[in-house]
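J.: how does the following fold in three dimensions:
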Amino acid sequence: MANRFYVDYVEKSLKKKLAPGGSYSDREFRDLALECVEELAGKIGIGDVEKNEIAETVFAAHRKLGILQPLLDDPEVNEIMINGTENIYIERKGKIERYEKRFSDAGVLLNVIQSMVSWVDRTVNESSPVVDARLSDGSRVNIVLKPVAINGPVVTIRKFPDKSYVMDELVRFGSLSSEEAAFLEECVKAKVNIFVSGGTSSGKTTFLNVLCKFISDRERIVTVEDSAELRLTPPNLVRLETRDPGPGGAGGVSMRTLIKTALRMRPDRIIVGEVRDSAAVDMLQAMCTGHDGSMSTAHGNSARDIITRLETMALWEGNINSEAIRMQIASGLDLVVHMQRDSGMRRYVAEICYVSGMEDGKVELKTLYKNGVKTGEIGKETRLYEKICGH
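T.: Now for the predicted structure:
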């Protein structure tokens with residue numbers, strides 16, 4: 001690890017060389033840092049290995065994410081949790097461990113935080129202390145500053161796999177059976193409306209990505225996300241991302257606004273990364289108004305729970321009642337795929353259920369597969385049966 005005193009010296013020297021408001025490429029910035037290191041070496045005499053360590057530390061602090069960069073580069077690290085300047089914890093191979101490094105002071109951590117949010121043109125400060133963002137590699141970031149986070153700043157980084165999985169790989173991993181995989185492929189191609197549910201870190205987004213690979217390249221897809229995480233590659237793709245309000249409260253673009261905007265873009269399918277608020281109303285309306293094949297994710301403890309969650313979130317809209325919401329769910333949603341994560345960090349499809357209609361004022365959900373085993377048949381009177389058989 002580079003000597004902190006030497007790094008501080010180079011930082012100060014570099015600051016004098018950088019033109020105010022100047023724009024530098026990574027190569028130009030690195031060359032300037034090396035120039036400052038050589039000046040230091042001329043005064044105290046340090047070897048080439050240490051010179052490179054100092055230059056890389058300075059470069060990473062400004063152009064990367066300082067002491068976090070090795071964790072971001074480590075494919076075995078799934079999550080990074082920063083609890084103020086004193087404690088950094090990581091999840092590696094399903095186990096949480098304490099990272100041996102720490103931030104020297106709050107100023108260094110705050111600089112790293114500002115680097116994170118600047119990538120997606122977001123702002124975080126005392127007046128707006130909570131923000132969701134993403135890094136250049138697609139990792140999801142949640143930031144909470146003081147005074148909201150008493151021992152803050154608190155930063156949580158959720159990393160995603162470098163590679164994009166396909167369904168055959170998930171079958172080999174034991175995430176679902178080959179029969180379930182074939183059924184879900186058929187459902188996507190038949191333009192079935194699907195919600196992927198599950199708890200935190202259960203693999204919802206990864207699984208949604210895999211499902212989207214079955215969409216034809218001839219279709220126009222519009223994605224809507226709070227922080228862009230989906231890795232879709234069809235030729236006719238439009239990606240929309242929400243924006244937080246500025247310091248004066250203006251300039252924000254909500255999920256609801258983007259879903260409504262997506263409807264005007266002549267989409268064949270609308271894919272919403274995660275529904276977490278009253279945007280559930282707009283997503284359900286999209287499913288009910290001819291945009292078949294739409295998909296999304298939502299937090300839930302079971303497939304049945306996602307129905308209740310959708311109803312609750314839709315009620316936040318304030319101008320619609322429970323009966324109307326349930327009718328929209330029953331007429332718009334076809335299938336729920338519920339994900340779980342076991343103690344060994346295996347993420348798997350725990351249940352696949354379909355909406356069979358309404359009964360006694362409630363949305364009826366029936367199980368087709370549970371833990372890889374087929375437990376039921378699709379009712380011939382249902383919309384799901386019509387879509388699959390008519391495909």
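J.: can you list the domains in the protein?
T.: 4-63, 67-158, 167-390 (automatic domain parsing).
J.: for those, which one ends up most surrounded?
T.: domain 167-390 (a mean of 18; mean count of other C-beta atoms under 10 Å). Quick note: C-beta positions are derived from backbone N, CA and C, even for glycine.
J.: where does pLDDT dip in this structure?
T.: 1-2, 20-23, 61-63, 119-120, 136, 162, 246-249, 390-391 (pLDDT under 70).
J.: what segments of it are helices?
T.: Counting by DSSP state H, the chain has helices at residues 4-17, 26-44, 48-63, 69-73, 106-118, 167-173, 178-189, 204-212, 255-263, 279-288, 303-315, 322-332, 383-390.
J.: which one's the longest strand in the protein?
T.: Longest strand of the chain, by residue count under DSSP state E: strand 347-359.
J.: quick check: the residue of the chain positioned farthest from its centre vs Lys387, distance?
T.: The outermost residue of the chain relative to its centre, with distances by C-alpha atoms, centre = their mean, is Lys43 at 47.6 Å. Going from Lys43 to Lys387 by C-beta to C-beta, to the nearest Å gives 74 Å.
J.: give me the nearest residue to Ser164, chain neighbours excluded.
T.: Excluding the flanking residues, the one nearest Ser164 by C-beta to C-beta, 6 or more residues apart in numbering is Arg231, at 4.9 Å.
J.: the one you found and Thr206 touch, don't they?
T.: No. If you go by C-beta atoms under 8 Å, Arg231 and Thr206 don't touch, sitting 9.5 Å apart.
J.: between the two, what contacts are shared?
T.: Taking C-beta atoms under 8 Å, 6 or more residues apart in numbering as the criterion, Arg231 and Thr206 both touch Phe160.
J.: circling back: list phi and psi for the residue nearest to Ser164.
T.: Note on Arg231: backbone dihedrals following degrees, to the nearest 10 are phi -120, psi 70.
J.: roughly how far does it sit from His299?
T.: For Arg231, the distance to His299 (C-beta to C-beta) stands at 21 Å.
J.: swap in Ala181?
T.: 24 Å.
J.: related to what we said a few turns ago, mind listing what the longest strand of the chain pairs with, with the direction of each?
T.: Sheet pairing of strand 347-359 (DSSP bridges) gives strand 335-341 (antiparallel), strand 362-370 (antiparallel).
J.: what residues are up against the residue nearest to Ser164?
T.: Gly138, Phe160, Ser164, Asn209.
J.: how does it look with 10 Å?
T.: Shown in contact with Arg231 (C-beta atoms under 10 Å, 6 or more residues apart in numbering): Gly138, Phe160, Pro161, Lys163, Ser164, Tyr165, Thr205, Thr206, Asn209, Cys212, Lys213.
J.: ok, Gly94 touching Val77?
T.: No. Between Gly94 and Val77 there is no contact under C-beta atoms under 10 Å: 11.3 Å.
J.: overlap of the contact sets of these two?
T.: Listed as contacting both Gly94 and Val77 by C-beta under 10 Å, 6+ apart is no residue at all.
J.: tell me the contacts of the closest residue to Glu185 other than its chain neighbours?
T.: Once flanking residues are discounted, Glu185 sits nearest to Phe214: 5.1 Å by C-beta to C-beta, 6+ apart. Taking C-beta under 10 Å, 6+ apart, we find Phe214 in contact with Val166, Met167, Leu184, Glu185, Glu186, Cys187, Val188, Lys189, Ala190, Gly293.
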